[in-house]
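A.B. asks: A predicted structure for the sequence below; I have some questions about it.
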Amino acid sequence: MFPTHRPRRLRRNPLIRSMVRETELQPADLIYPLFVQETSTTPEPIDAMPGQSRHTMDSLLSEAERAVQVGVPALLLFGIPRHKDAQGSGAYADDGVVQRAVRALKQRKFPLLVITDVCMCEYTSHGHCGEIHDNDVDNDASLKLITATALSQAAAGADIVAPSDMMDGRVGAIRKILDDNGHSNVALLSYAAKYASGFYGPFREAAGSAPQFGDRQSYQMDPANSREALKEVQADIDEGADMVMVKPALAYLDVIHQVKAMTNVPVAAYNVSGEYSMIEFAAKAGVIDRERVIKEVLTSIKRAGADLILTYHAVEAAGWLRKAAGVK
């Protein structure tokens, strides 16, 4: 019998495809990660991440203005300090690079949420995400440094703090220190399922955060595990996380989907540096349609269940989406 149901009827032209589209990507879904540094008086292009830079305070403000103009609602800040030490003291210094960046953004009164990455690896001389004892990261000792970092960022004016270290118990410890010090309104976005991934290479070059010995597999998650991700997510929610994140995104779309199904808090996914750079270098080689692939990748992340997407393509993608919607 010739088919009664013809799915192609609903794919005949752009209008009908738009009308029945199941997943809609919007600028409000996007968060723009930015690097701010105190090592140079001019922005420094990142070779491993074409189109991205280590920003000065002035160029950071210019990027924030670009984000506002296309409707991106939030920035995520990573700091690159001039000096590093074993305790990563620049991470929690009142005049640290991220703390000064937060104050500068808030002084300009941008209609933007400022999210701060809470970790130690960019600030420690050894490149690990906490304090080292006996050649290993000491989980509980590291919590003192991590909570001090979150508190200093909140005091500087951060709207959301985002712990990315993957130390056990850090969400509860951060929530407590914030609440005890008058910052109960500061939200907490937890890197709840952060995998020990090979996709972080360009970021580590950008931030100078590669471990000086060993690796991070004892605290970041095994890429083979998904049930463990659900355990990590639930633990962070129980400790007070307002939002949870899966990182990276593309190799973990199944995990994003499972996390979305098991929780009622907003779910974020980080389209990380390696995923970004693969697109940029493939486009440079002329083997892909860059804009089309970026849109397809971001749509796939949202389709998997992400409410929020952290992506270095945020400003560009938001501009395309506004244009497609007829917004100037």
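C.D. replies: Thanks, I have it.
A.B. asks: contacts and neighbour counts: CA atoms only from here.
C.D. replies: Fine.
A.B. asks: Within its sheet, name the partner strands of the lowest-mean-pLDDT helix or strand in the chain and how each one runs.
C.D. replies: When the helices and strands of the chain are scored by mean pLDDT, DSSP states H and E, strand 131-133 comes last with a mean of 76. Strand pairing for strand 131-133, using DSSP bridges, gives strand 136-138 (antiparallel).
A.B. asks: re earlier: now do the least confident helix or strand of the chain: everything it contacts.
C.D. replies: Applying CA atoms under 8 Å, 6 or more residues apart in numbering, the contact partners of strand 131-133 are 86-87, 137-139, 141-142, 145.
A.B. asks: got the buried residues for that strand?
C.D. replies: Using 16 or more other CA atoms under 10 Å as the test for burial, strand 131-133 gives 131-132.
A.B. asks: re the thing from before, want to throw the contacts of strand 131-133 into a markdown table with pLDDT?
C.D. replies: Shown next, in a markdown table, are the contacts of strand 131-133 (pLDDT from 0 to 100):
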| residue | pLDDT |
| --- | --- |
| 86 | 78 |
| 87 | 83 |
| 137 | 79 |
| 138 | 85 |
| 139 | 85 |
| 141 | 89 |
| 142 | 90 |
| 145 | 93 |
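A.B. asks: Can you add distance to residue 50, secondary structure and neighbour count and give those back as TSV?
C.D. replies: What follows is these, written out as TSV (distance: CA to CA, whole Å; DSSP: H, G, I helix; E, B strand; the rest coil; neighbours: other CA atoms under 10 Å):
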residue	distance to residue 50	secondary structure	neighbour count
86	31	coil	15
87	31	coil	21
137	33	strand	18
138	36	strand	15
139	35	helix	20
141	37	helix	13
142	34	helix	22
145	33	helix	22
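A.B. asks: For residue 126, state which of those is nearest.
C.D. replies: residue 86 (6.5 Å; CA to CA).
A.B. asks: Just to check, the closest one is in contact with residue 125?
C.D. replies: Yes. Assessed by CA atoms under 8 Å, residue 86 is found in contact with residue 125 at 5.3 Å.
A.B. asks: Low-confidence ranges, the stretch 101-250 of the chain, go.
C.D. replies: Filtered on pLDDT under 70, the stretch 101-250 of the chain yields the residue ranges 213-214.
A.B. asks: How are the helices of it distributed by residue range?
C.D. replies: 139-156, 170-180, 201-207, 227-239 (DSSP state H, counting those that start in this stretch).
A.B. asks: if I pick residue 98, what's in contact with it?
C.D. replies: Counting by CA under 8 Å, 6+ apart, residue 98 has contacts 36, 77-79, 91, 116, 153.
A.B. asks: gap between it and residue 300?
C.D. replies: 31 Å (CA to CA, to the nearest Å).
A.B. asks: Over to residue 160?
C.D. replies: 25 Å.
A.B. asks: Same question for residue 327.
C.D. replies: Distance, residue 327 to residue 300, by CA to CA: 24 Å.
A.B. asks: neighbour-wise, which of the two wins?
C.D. replies: residue 300 (17 against 10; other CA atoms under 10 Å).
A.B. asks: Out of the helices of the stretch 101-250 of the chain, flag the one nearest residue 59.
C.D. replies: Nearest to residue 59 among the helices of the stretch 101-250 of the chain is helix 201-207; the distance by CA to CA comes to 16.1 Å.
A.B. asks: list the helices and strands the closest one packs on?
C.D. replies: Helices and strands touching helix 201-207, by 3 or more CA pairs under 8 Å, 6 or more residues apart in numbering; DSSP states H and E, are strand 74-80, helix 273-284.
A.B. asks: who does the shortest one pair up with?
C.D. replies: What it means is strand 74-80. Pairing partners of strand 74-80, with direction, according to DSSP bridges: strand 30-37 (parallel), strand 113-118 (parallel).
A.B. asks: okay, those in a markdown table with mean neighbour count and distance to residue 191 next?
C.D. replies: Formatted as a markdown table, those follow (neighbours: other CA atoms under 10 Å; distance: least, CA to CA, whole Å):
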| stretch | mean neighbour count | distance to residue 191 |
| --- | --- | --- |
| strand 30-37 | 24 | 14 |
| strand 113-118 | 25 | 9 |
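A.B. asks: No more questions from me, cheers.
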